[in-house]
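Okay, sequence plus prediction incoming.
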Amino acid sequence: MALALMLAGCQGAPLATPRDAGGNLRAYIDEARRLDARGAPKAIRGVCASACTIFLGLRNVCVEPGAQFWFHAAHLPDDPRPDSLGSLEMLAFYPPRVREWVMRSGALDNTDFDRAKMLSGEALIAMGVSACRDSKTL
């Protein structure tokens, strides 16, 4: 998983690359658990899509207000059909208010990307996700 830069608002927090399109859910879950076990900070900016969105559940995460988070159902490689167990795993990582939005909006109902299933960093901050305090270095 590519990590870049440091953000002053989350001291020592590696930023997700400006475009993290997700990937293997198991690899993201493993990385999220490693970060949480160490209490490592994680700042997210740019586009965070698919499996990347589980980082919202880290206890020491912050988001840049201009970030975009794109949600869709988990699926197995080479199979475009939703994987309900994978989607439930993703759902379990989200903070409560994000989880409520995901369930209400149907964001994990299918595997298509759709603007209606996107949240901005600003919207997530309004839902209680921590804002990165200093965006001057972004």
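Thanks, I have it.

Leu119: what's it in contact with?
Taking Cβ atoms under 8 Å, 6 or more residues apart in numbering, we find Leu119 in contact with 68-69, 71, 98, 101, 127. Glycine gets a C-beta too; all of them are placed from N, C-alpha and C.

how about a markdown table for these, with secondary structure, neighbour count and pLDDT added?
Shown next, in a markdown table, are these (DSSP: H, G, I helix; E, B strand; the rest coil; neighbours: other Cβ atoms under 10 Å; pLDDT from 0 to 100):
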| residue | secondary structure | neighbour count | pLDDT |
| --- | --- | --- | --- |
| Gln68 | strand | 17 | 94 |
| Phe69 | strand | 24 | 95 |
| Phe71 | coil | 25 | 92 |
| Val98 | helix | 23 | 96 |
| Trp101 | helix | 18 | 95 |
| Met127 | coil | 17 | 96 |
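
List just the nearest of these to Leu25.
Using Cβ to Cβ, Phe71 comes nearest to Leu25 of the contacts of Leu119, at 12.9 Å.

give me the number of residues near the closest residue to that closest one other than its chain neighbours?
Using Cβ to Cβ, 6 or more residues apart in numbering and skipping the chain neighbours, the partner closest in space to Phe71 is Ala107 (3.8 Å). Using other Cβ atoms under 10 Å, Ala107 has 25 neighbouring residues.

That'll do, ta.
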